[in-house]
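Trainee: Could you work out the structure for the sequence below:
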Amino acid sequence: MEEDDLPELPVSVEEYIGVPYGGLFGDTVITHVVREIVADPEREFRTRYLAKMTGKSDVSVRDALEKLVDLNFLIKEYQDPQRPVYRVIPGSKRLDALTFLAYAVIDDREGTGCMRDAVFEYCRREVASWFARGGAEAYEPEKRASYTGASPRSFLRGSQVDAGQYAESRGG
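Mentor: As a prediction, this is how the structure comes out:
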């Protein structure tokens with residue numbers, strides 16, 4: 001896309017251009033840290049590196065990393081007790097969702113199809129993995145909640161979920 005073809009942005013949106021996820025989650029340290037992690041999820045992260053990349057203080061980045069560990073998004077390893085290493089939890093669905101969201105922000109801003117391509121690749125990978133495990137014959141459903149008509153908002157609120165709305169399922 002050439003520069004002349006780019007859509008005009010409303011003045012109200014301009015302030016969010018450099019803010020992670022288009023300002024959807026505010027301009028907090030944790031959103032800057034998450035953006036850096038989502039941009040390169042295969043790498044090992046250290047506090048000092050992320051502080052340099054985000055322009056935030058070591059202390060605030062360390063606090064954000066600890067919060068992400070508490071939220072089961074990152075694993076903290078101690079190769080050196082003074083300088084822990086953080087890694088994304090392998091197979092994290094949150095990472096997939098945040099990646100889709102990052103692409104959605106780009107798509108909305110620039111009119112591209114990045115999210116569609118990422119979702120397509122995700123589905124292709126998941127289906128291939130499912131067949132590699134034996135497909136329906138070898139399928140052992142995990143413990144999960146199944147959708148039976150309630151809104152996602154009800155599900156996310158947890159304790160407010162009506163027992164008849166969501167139930168543990170074993171395949172179905």
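Trainee: Would you verify that F100 is located in a helix?
Mentor: Yes. Looking at F100 with DSSP: H, G, I helix; E, B strand; the rest coil, it is inside a helix.
Trainee: these two touch, right, it and A118?
Mentor: Yes. Here F100 reaches A118: they are 5.9 Å apart, a contact under CB atoms under 8 Å. All C-beta spots, glycine's among them, are computed from the backbone N, C-alpha and C.
Trainee: which of the residues in stretch 50-64 are buried?
Mentor: Residues 50-51, 53-54, 56, 60-64 are the ones in stretch 50-64 that count as buried (16 or more other CB atoms under 10 Å).
Trainee: What about the closest residue to R83 other than its chain neighbours, how many residues nearby?
Mentor: Here the nearest residue to R83 in space, its sequence neighbours aside, is R46; by CB to CB, 6 or more residues apart in numbering that works out to 5.8 Å. Neighbour count for R46, taken as other CB atoms under 10 Å: 19.
Trainee: rewinding a little: which residues do F100 and A118 both contact?
Mentor: Residues within reach of F100 and of A118 at once, by CB atoms under 8 Å, 6 or more residues apart in numbering: there are none.
Trainee: what about this structure, any weak spots by pLDDT?
Mentor: The chain contains residues with pLDDT under 70 at 1-18, 136-172.
Trainee: now with 90?
Mentor: Across the chain, the ranges flagged by pLDDT under 90 are 1-27, 78-83, 90-91, 105-111, 125-172.
Trainee: Tell me where it has strands.
Mentor: Assigned by DSSP state E, the strands in the chain fall at 74-77, 85-88, 144-147, 166-169.
Trainee: hang on, G113 packs against V119?
Mentor: No. The pair G113 and V119 does not pass the contact test of CB under 8 Å, sitting 10.0 Å apart.
Trainee: who has more neighbours, the two?
Mentor: The neighbour comparison of G113 against V119 (other CB under 10 Å) goes to V119, with 15 against 11.
Trainee: The nearest residue to the more buried one once chain neighbours are set aside and K52: what is the separation?
Mentor: Leaving aside its sequence neighbours, V119 sits nearest to F100 (CB to CB, 6+ apart; 6.3 Å). When CB to CB, to the nearest Å is the yardstick, F100 and K52 sit 27 Å from each other.
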